[in-house]
Structures are given as C-alpha cells and as structure tokens.
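Visitor: this one's sequence-less:
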Ligand SMILES: [Fe+2]
C-alpha cells in the first residue's frame, strides 16, 4: 500500500502573527503522529485477515474503520499549515466573487466561516463543491472524517481543535480565529481555487 512521509513546516516558525512557535511546534508533533498512524494502518492492512472482516469486530475491519481518521488527520493538517504564512497577498477576484455569491458579501462569508468554526471542535473550512459548482463553508467535527462531504475540495482550512490554539489563547477561541485570518495565505487558497476550477 501507499506510505506517506511527514512534511516539514518549519518555514512557518517566527513568521506568524499571534500563533507562537511553541504552539506550532506542538502542532507539528501532533501532525507527525497522524502520519505515523496512517502508515501503521497501511502497513498492517495487507496482512490483516480479510476472511474475518465483520461489522462487529475484525482486525481488518477495525483498520479500515479507523483509516479515514489518520488519513484526514494527516492531509487536513497539511492543508492547514500550507494555508498559513500570509505575505500581503489578497483573495483573487474570481474567488471573492464566488464567496460573495454564496454568502451575500465578503463579511457574510467571514461571519459564516467564524460561525462554522464556533460550531465545531474540529475543522471549519471553505470548500469548492463540484456537485453544486459553488463555494461553501463546511465543518468537520468530532472526528477528522465526519462531515467532509463527497467531492468537497478544501480551499480555506481552519484547524479549530483546541490543540491548535490553547497554548496561545486558552479558551479565547475568537482571538485565535482573528489570528488565523491574519495569517491566512491567500496565495495558497487562490492556487487551490484555480486548480479546482480546471
Ligand atoms: Fe490540528
């Protein structure tokens, strides 16, 4: 099966505003843990007994059932780290238009994404939905794989798990959300949208 090598995001250290290096380093370690578990599952799956696969319990079944957690735990974290590191870039006119079409205005989009974040103890994100050809805010709560709708292509990925902000903000989640928007790399988001549009 496939295997995955954890990426380094040390380039973010010392570059973010309101998200400390201590916070980031702890988050990198957590991300690396998901990569490790994903590889562990991928290593065990080919050897697991398919004959005992069962809805109630089976080694193969349990590996399969948990696979989406470290899979999304790995790749959502990569999308998150990769959309940090703002460098003065702005939302592209095409994406801005799409966000305004979905939420009435730019502020309407921000307010909705914040509301999604406040509704989630997991992830909030803006996705391109190829089924409706619109952009939409989604939340993925409780587990990394619960709530990510079929075909959704993540554009803005916001980690709302407490581990993403507790060192810097404790329970002041609203302050973390402000920091996230300040650090959001529109260059990355614009590239994702352009890719989704192809
Ligand atoms: Fe996280």
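Guide: Structure's in. What do you need? Quick caveat, the model's predicted, so the values are computed rather than measured. Residues are numbered from 1 along each chain as shown.
Visitor: quick one: furthest residue from the center of the protein?
Guide: residue 51 (34.9 Å; CA atoms, centre = their mean).
Visitor: All the strands of the chain, residue numbers only.
Guide: Along the chain, the stretches classed as strands by DSSP state E are 123-129, 134-140, 153-159.
Visitor: Dump these into a markdown table; add mean pLDDT and mean neighbour count as well.
Guide: C-beta here means a position set from N, CA and C on the backbone, and glycine is covered the same way. Below are those laid out as a markdown table (pLDDT from 0 to 100; neighbours: other CB atoms under 10 Å):
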| stretch | mean pLDDT | mean neighbour count |
| --- | --- | --- |
| strand 123-129 | 97 | 24 |
| strand 134-140 | 96 | 20 |
| strand 153-159 | 98 | 23 |
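Visitor: Out of those, flag the one nearest residue 33.
Guide: With CB to CB, the closest approach to residue 33 among those belongs to strand 153-159: 14.4 Å.
Visitor: tell me the contacts of the spatially most central residue of the chain?
Guide: With distances taken as CA atoms, centre = their mean, residue 76 lies nearest the centre of the chain, 3.3 Å away. Shown in contact with residue 76 (CB atoms under 8 Å, 6 or more residues apart in numbering): 123, 140, 144, 154, 157, 159.
Visitor: Quick check: the gap between it and the ion.
Guide: Residue 76 is 8 Å from the ion, where distance means CB to the ion, to the nearest Å.
Visitor: Over to residue 73?
Guide: Distance, residue 73 to the ion, by CB to the ion: 8 Å.
Visitor: what does residue 129 give?
Guide: In this structure, residue 129 and the ion are 23 Å apart, going by CB to the ion.
Visitor: Can you tell me how far that residue is from residue 151?
Guide: 7 Å (CB to CB, to the nearest Å).
Visitor: Show the contacting residues for the closest residue to the ion within the chain.
Guide: At 4.2 Å from the ion, residue 159 is the closest residue in the chain, using CB to the ion. Residue 159 is in contact with 27, 76, 77, 80, 123, counting by CB under 8 Å, 6+ apart.
Visitor: My guess is the first one contacts residue 163. True?
Guide: Right, residue 27. Yes: in this structure residue 27 lies within contact range of residue 163 using CB atoms under 8 Å: 6.5 Å.
Visitor: So if I had to pick from the two, which one is more boxed in?
Guide: Counted by other CB atoms under 10 Å, residue 27 and residue 163 do not tie: residue 27 has more neighbours, with 22 against 12.
Visitor: So for that one, what pLDDT did the model give?
Guide: Note for residue 27: predicted pLDDT of 98.
Visitor: same thing with residue 147?
Guide: The score at residue 147 is 83. That number is its pLDDT.
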